[in-house]
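**Student:** Sequence first, then the predicted structure, then my questions.
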Amino acid sequence: MQAFPLREHPTSLRKLLPGAAFLGADDIRVTSCSCDTRRLKPGDLFAAMVGTAQDGHNLASVAVAAGCSAILAEHPLPNVGVPVCVVPSAREAYGRICQELAGNPSRRLKVVGVTGTNGKTTTSCLIARILGYGGFKTGILGTLGYCDGEHFEEATLTTPSAERLAFWLARMADNDCTHAVMEVSSHALDQARLAGMQLDSLCVTNVRRDHLDYHRTIGDYRLTKSKAFGYMSPEAFAVINADDPTSAGYLYLIDGPVLTIGIRSQAELMGTLIERQACEQTFLLTAGSDTVPVRTRMIGVHHVYNCLCATAIGLTYGIDLPTIVRALESVEEIPGRLQRIECGQPFSVFVDFAHTPDALSGSLAALR
């Protein structure tokens with residue numbers, strides 16, 4: 001499977017990256033690119049990016065030997081023998097190039113981004129189910145895998161690399177998907193994998209504490225999460241968890257429409273848990289003047305939040321509340337998310353993906 005669709009006509013980097021400096025050429029015209037010298041093909045643009053273990057600038061000679069036509073870099077590379085395009089951020093420029101080469105598929109789709117510390121996978125799956133029940137053909141990208149509306153592939157990263165992201169979005173558009181739901185990880189935001197694309201909506205489930213081995217401080221982690229708002233289109237809307245202080249603190253970053261969800265705090269969409277058993281729970285979902293019961297096989301207060309987030313997205317895309325409830329109730333399990341194991345045993349067994357203190361605490365509280 002190729003990295004991403006190639007354009008029939010070359011893309012001008014001078015036009016795409018007007019602030020770039022060019023060494024060895026007035027312009028660089030590109031039909032394909034790669035940031036990995038092991039996958040580089042003759043004629044590719046090589047993107048020299050600084051990673052956690054390797055600086056791509058040190059591999060310029062390897063890329064030239066492999067046949068690259070030009071190099072995208074963050075500083076001049078003397079005596080490399082091919083033109084060099086110098087930009088402030090090679091990662092950001094590379095993402096824009098990948099999206100351009102793929103035909104800017106996010107402009108042909110309504111892309112729903114789901115970010116947060118916990119609940120991204122379940123919320124994304126619920127949104128995709130709601131959109132499907134609403135008659136929209138939908139692709140999905142997340143921890144459980146990538147689907148272009150017709151074909152499925154196991155995921156290697158929660159949010160694909162820039163070239164894979166462009167590739168899958170283009171496949172969705174080509175397969176007549178109208179919507180795409182994608183999990184947006186903090187790593188992806190820090191590494192500018194979304195550069196060049198636009199989100200039609202953004203859902204923030206919660207922002208707690210995670211990946212401090214990568215982000216170093218909780219402040220850096222929260223700041224990285226806030227970068228997601230920078231990818232929203234001018235007409236995009238956001239869904240914010242009003243019960244989560246950090247998420248609610250992002251409200252000042254949003255110029256467009258916002259829907260808030262909550263259980264404790266006053267919000268546009270409210271959830272009230274009324275009954276819970278080991279095999280199911282029922283909560284009241286209130287949206288404006290409408291209140292309806294939702295009976296779901298998935299348990300836990302955290303799942304009520306996931307349902308509220310997904311409902312907010314569905315309502316914004318014009319799907320009526322009864323259809324949304326049917327979609328929510330149709331999801332019996334999400335792999336590894338308090339997944340019930342039934343083998344006739346006289347006790348309950350659940351498999352859960354919880355890998356942060358907050359997520360584990362929520363899962364244990366629900367089970368107790």
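**Tutor:** Arrived safely, thanks for sending. Residues are numbered from 1 along each chain as shown.

**Student:** hey, let's count contacts and neighbours off CA atoms from now on
**Tutor:** Fine.

**Student:** what about the helices in this structure?
**Tutor:** Counting by DSSP state H, the chain has helices at residues 13-16, 60-65, 90-101, 120-133, 162-174, 186-190, 212-215, 218-226, 245-249, 301-316, 321-330, 357-367.

**Student:** nearest to Asn79, of the ones you listed?
**Tutor:** helix 60-65 (9.6 Å; Cα to Cα).

**Student:** what does that closest one contact?
**Tutor:** Contacts with helix 60-65, where a contact means Cα atoms under 8 Å, 6 or more residues apart in numbering, come from 37, 40, 46, 48, 71, 80-82.

**Student:** rerun that using 10 Å as the cut-off
**Tutor:** Residues from elsewhere that reach helix 60-65 (Cα atoms under 10 Å, 6 or more residues apart in numbering): 34-48, 56-57, 59, 66-73, 77, 79-82.

**Student:** Would you agree Glu329 is in contact with Arg295?
**Tutor:** Yes: counting by Cα atoms under 10 Å, Glu329 does reach Arg295; the two are 6.0 Å apart.

**Student:** Find residues that contact each of the two.
**Tutor:** Residues touching both Glu329 and Arg295 (Cα under 10 Å, 6+ apart): Thr282.

**Student:** still on that earlier bit, and the helices of the chain, which one's lowest on average pLDDT?
**Tutor:** Confidence, taken as mean pLDDT, is least for helix 212-215 of the helices of the chain (a mean of 64).

**Student:** Show me which helix or strand of this structure is least confident by mean pLDDT.
**Tutor:** Counting by mean pLDDT, DSSP states H and E, the weakest-scoring helix or strand in the chain turns out to be helix 212-215, with a mean of 64.

**Student:** I'd like the helices of the chain written out as CSV, with distance to Arg29 added.
**Tutor:** Shown next, in CSV, are those (distance: least, Cα to Cα, whole Å):
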stretch, distance to Arg29
helix 13-16, 6
helix 60-65, 17
helix 90-101, 11
helix 120-133, 37
helix 162-174, 18
helix 186-190, 27
helix 212-215, 35
helix 218-226, 32
helix 245-249, 42
helix 301-316, 39
helix 321-330, 47
helix 357-367, 47
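
**Student:** Could you check the ones you listed and tell me which one is nearest Pro257?
**Tutor:** Nearest to Pro257, of all those, is helix 301-316, at 10.1 Å by Cα to Cα.

**Student:** buried residues in the closest one?
**Tutor:** For helix 301-316, the neighbour count (16 or more other Cα atoms under 10 Å) marks 301-315 as buried.

**Student:** swap in stretch 321-330?
**Tutor:** Counting neighbours by 16+ other Cα under 10 Å, one finds that the buried residues in stretch 321-330 are 321, 323-330.

**Student:** try stretch 119-129
**Tutor:** Buried residues in stretch 119-129, defined by neighbour count with 16+ other Cα under 10 Å: 119-129.
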